[in-house]
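# Have a look at this prediction, sequence included:
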Amino acid sequence: MSASSLRGWMLGLTLAVGSGVGSYLAVSHGQEAQDKRLEQVAEELSSLRKAVMARPAAPMPVQGGVAAGIPPTMQSGEARLRPEDLDAIAARMVTQLQQSGAFESSESSEREPRPPPAPPPLKPEQQQALARANSLVDRVLATGKLTMEDTQEIRRELAQLKSRAEADEVRRRIMVAINKNQLVPPESPEGLP
Amino acid sequence: MTRFVKKMVPVLSVAVLGGASLAYAGYTSESAYCYKNADGSGACYGSFLGFQNHAGSSTQAYFYKNDGGSKSFYGAYTNTSTGVTTSGNCTPDVATGALWSKALSLTGYFHIQWDTTGTCTYLYLNNGSQYSNF
């Protein structure tokens, strides 16, 4: 290795070590400054907290009273909202809403849906049709077999009852009997009344 | 050579046509089944095409509604091995009844269940391309 190249290496090494030491000093100095600043902030916060705690408490609102708008002490910044104040405001709002009936109307409409009006009584001819349909169903249940003719007869009787629940009950008797294998339905797709 | 080519033209044409139809057939699915429990509750599922093309003589399914508003479902499945037919039917509750108009125009797959009182308690509808010839 020549003398000139050795000098070059030495110079490079010196520069590297120098920059490393410089960086360390800069970082440690910055850290120190940051720690000092944090301590200052903590002290300031502590003194502010003491000052706030030393202030007299805002007067409590009179129970049952009615108020509107922002109290002057609050507006001027002398008083601050405490958790108790927020609770009092919330309680007053609930009381006023209850007194106004706002809850009552919405709750009652949700909880108690109006029952559908009762259907009018069956007409005499409908009662007779229902009786005939039920006796036809009794007969097919006794035989255990539902023919197409039975189906058409029952359907003819039930047609007079239209959408009445009584007609659905007659159909349900047949359905349950088929499901329980107590009644054999006809093979035709139009086999049920 | 020319004669050979002429002979092969119809063969090739048929092969190409066959290949084309296979390539554009798309996925299809046909199924049909009904079962019942001892207490009378049960279920049917499949597509109408599946019920129609099933080999069982009484296999069928339909949704029904009359002008008075009465709705019901009837399904039957004939086991082709035993010849035994399982049939079941139900009238919808409020939830399944809300889907009835869709079930009436369905061309796809359905799954319906009923309880011991003959009430339809579950209805699933799928109008997928694989279930119908349209």
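Sure thing, it's come through.
# When you work out contacts or count neighbours from here on, use the C-alpha atoms and nothing else.
Noted.
# which ones are touching B:Ser132?
If you count contacts by C-alpha atoms under 8 Å, 6 or more residues apart in numbering or on different chains, B:Ser132 has them with B:47, B:49, B:107-108.
# Let's have the residues you listed in CSV, adding distance to A:Glu166 and secondary structure.
Listed next are these as CSV, based on distance: C-alpha to C-alpha, whole Å; DSSP: H, G, I helix; E, B strand; the rest coil:
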residue, distance to A:Glu166, secondary structure
B:Ser47, 32, strand
B:Leu49, 34, helix
B:Thr107, 32, coil
B:Gly108, 33, coil
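# Would you mind putting these into TSV with pLDDT, distance to A:Thr147 and neighbour count alongside?
TSV is the format used below for the contacts of B:Ser132 (pLDDT from 0 to 100; distance: C-alpha to C-alpha, whole Å; neighbours: other C-alpha atoms under 10 Å in any protein chain shown):
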residue	pLDDT	distance to A:Thr147	neighbour count
B:Ser47	96	27	27
B:Leu49	95	26	20
B:Thr107	93	29	21
B:Gly108	93	30	23
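# show me where the chain has helices.
You didn't say which chain, so I picked chain A. Using DSSP state H, the helices found in chain A span residues A:3-54, A:72-76, A:83-100, A:102-111, A:124-143, A:148-158, A:165-179.
# not what I meant, chain B
Ranges of helices in chain B, per DSSP H, are B:2-23, B:48-53, B:94-97, B:100-104.
# Put together JSON lines for the helices of chain A, with distance to chain B, mean neighbour count and mean pLDDT on each row.
Output for these, formatted as JSON lines (distance: least, C-alpha to the nearest C-alpha, whole Å; neighbours: other C-alpha atoms under 10 Å in any protein chain shown; pLDDT from 0 to 100):
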{"stretch": "helix A:3-54", "distance to chain B": "62", "mean neighbour count": "11", "mean pLDDT": "71"}
{"stretch": "helix A:72-76", "distance to chain B": "56", "mean neighbour count": "11", "mean pLDDT": "53"}
{"stretch": "helix A:83-100", "distance to chain B": "35", "mean neighbour count": "12", "mean pLDDT": "75"}
{"stretch": "helix A:102-111", "distance to chain B": "19", "mean neighbour count": "10", "mean pLDDT": "59"}
{"stretch": "helix A:124-143", "distance to chain B": "14", "mean neighbour count": "16", "mean pLDDT": "96"}
{"stretch": "helix A:148-158", "distance to chain B": "10", "mean neighbour count": "18", "mean pLDDT": "92"}
{"stretch": "helix A:165-179", "distance to chain B": "5", "mean neighbour count": "20", "mean pLDDT": "94"}
